[in-house]
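Colleague: Predicted model and sequence below, questions to follow.
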Amino acid sequence: MVNVKYRKLKYSVPTPWNSVYNMVGRAVELRKAIGIYISADSSKNQRLTKFLLSDYEWDQMEAVLTILHPFSKVSVKMQETARPKLERIFWVYKGLFDNIDDTLDSLDNGRLSSKPWSVDFSRGLDAMCDKLFEYYDKMVHPFAYSDAVLLDPKVKTVLFKHETFQKDGWEKVYLDGIKERYESYARRYPLPVEKSIPSKRPRIDVDLDDDDEYTKVVQQLSAEHKNKSEVERYLTSPQDPQTDTPILVWWRDNQHTYPRLAHMARDIYAVPATGAGVEREFSKSGRVASVS
């Protein structure tokens, strides 16, 4: 007896996310039980002995588990469908790239550099980084990712002031893009014409002094603010400090201030961060039995 809870081995399959991580994690958890089971093989040709892993191989398995852990953690979080996650994608990629860089540094110069398999693992991580870049590069053209960040009232333009986006001028590209796309919403959702309400008392004309600089400045600023589009007023206003307010709730509460931009926000945040949640629902639907 190895005093472990009953567990089934997991298998790596092409479709479910994190299946390799789950398979390796379960194997490491059952390492002692697997070793005892294989060593106890009493068959004539002892066919199970070829599956017995050495300490060297188990050491590699644990390293693989450590490398894949951030990817598993992020993918599970991004699969949530209860609230928008699209605005986090840029930051998720940055975290994954940073994690790969840290691991490569450890393999080349840190505590993992003494491992006999460090060179092979470095090559594998280089290939992993290249594959991640392939997916990241596909985010250049779809506007939903950048618009989701800008339409987050707690973030707005702050993320794109990071050096990652500044060096290639991406902040300007994303700002110009959202303003251009907003114009289509402005045409699609015209504001209602305000009806003038007759005054109940006679209007009193105030004779403003044309030389009053204060009055001129106030009138000018008021006119400039009125002439700004919704997206310009939104982006130039301070970030909302209410960090606990969900994004869609914020846009619901502020739709009277930004009516057309609120339409845009609802469309953007309807895009899921990943297709895993939707695919999972379709997979479940195939197992539903109906009685006629």
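Modeller: It's in.

Colleague: Tell me if I'm right that Glu171 and Lys161 touch.
Modeller: Yes: with contact defined as CB atoms under 8 Å, Glu171 counts as touching Lys161 (6.5 Å). The C-beta positions use only the backbone N, C-alpha and C, and glycine is treated the same way.

Colleague: With neighbour numbers in mind, choose between those two.
Modeller: Glu171 (17 against 10; other CB atoms under 10 Å).

Colleague: all helices in the stretch 1-150 of the chain, in order from the N-terminus.
Modeller: Secondary structure of the stretch 1-150 of the chain (DSSP state H, counting those that start in this stretch): helices located at 19-29, 31-39, 55-78, 89-108, 118-137, 144-150.

Colleague: Contacts for the longest one next, please.
Modeller: With contacts defined as CB atoms under 8 Å, 6 or more residues apart in numbering, helix 55-78 is touched by 17-18, 20-22, 24-25, 27-28, 31, 53, 85, 88-89, 92, 95-96, 99, 103, 112, 115-117, 121, 125, 128, 273-274, 276.

Colleague: For that helix, list every residue counted as buried.
Modeller: 60-61, 63-65, 67-68, 70-72, 74-75, 78 (16 or more other CB atoms under 10 Å).

Colleague: now those as JSON lines including pLDDT and distance to Asp137?
Modeller: Below are the buried residues of helix 55-78 laid out as JSON lines (pLDDT from 0 to 100; distance: CB to CB, whole Å):
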{"residue": "Gln60", "pLDDT": "94", "distance to Asp137": "30"}
{"residue": "Met61", "pLDDT": "94", "distance to Asp137": "31"}
{"residue": "Ala63", "pLDDT": "93", "distance to Asp137": "28"}
{"residue": "Val64", "pLDDT": "94", "distance to Asp137": "26"}
{"residue": "Leu65", "pLDDT": "94", "distance to Asp137": "28"}
{"residue": "Ile67", "pLDDT": "93", "distance to Asp137": "22"}
{"residue": "Leu68", "pLDDT": "93", "distance to Asp137": "22"}
{"residue": "Pro70", "pLDDT": "93", "distance to Asp137": "20"}
{"residue": "Phe71", "pLDDT": "92", "distance to Asp137": "18"}
{"residue": "Ser72", "pLDDT": "91", "distance to Asp137": "23"}
{"residue": "Val74", "pLDDT": "90", "distance to Asp137": "18"}
{"residue": "Ser75", "pLDDT": "87", "distance to Asp137": "19"}
{"residue": "Met78", "pLDDT": "87", "distance to Asp137": "19"}
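
Colleague: which of those residues lies closest to Leu48?
Modeller: Comparing these against Leu48 with CB to CB places Met61 closest, at 17.9 Å.

Colleague: any idea how far that closest one lies from Ser54?
Modeller: Met61 is 11 Å from Ser54, where distance means CB to CB, to the nearest Å.

Colleague: With Leu107 instead?
Modeller: From Leu107 to Ser54 the distance is 20 Å (CB to CB).

Colleague: out of these two, which sits in the busier spot?
Modeller: Leu107 (23 against 8).

Colleague: residue contacts, the more buried one?
Modeller: Ser113, Lys115, Ser118, Phe121, Ser122, Leu125.

Colleague: circling back: just the buried residues of the contacts of helix 55-78.
Modeller: Buried among the contacts of helix 55-78 (16+ other CB under 10 Å): 17-18, 20-22, 24-25, 27, 85, 88-89, 92, 96, 99, 103, 112, 115, 121, 125, 128, 273-274, 276.

Colleague: For the stretch 101-250 of the chain, which segments count as strands?
Modeller: Per DSSP state E, counting those that start in this stretch, the stretch 101-250 of the chain carries no strands over any range.

Colleague: which stretches of it have low pLDDT?
Modeller: 192-227 (pLDDT under 70).

Colleague: what do you get if the cut-off is 50, keeping everything else the same?
Modeller: 196, 224-225 (pLDDT under 50).

Colleague: Compute the distance between Asp98 and Arg123, please.
Modeller: Taking CB to CB, one finds Asp98 at 20 Å from Arg123.
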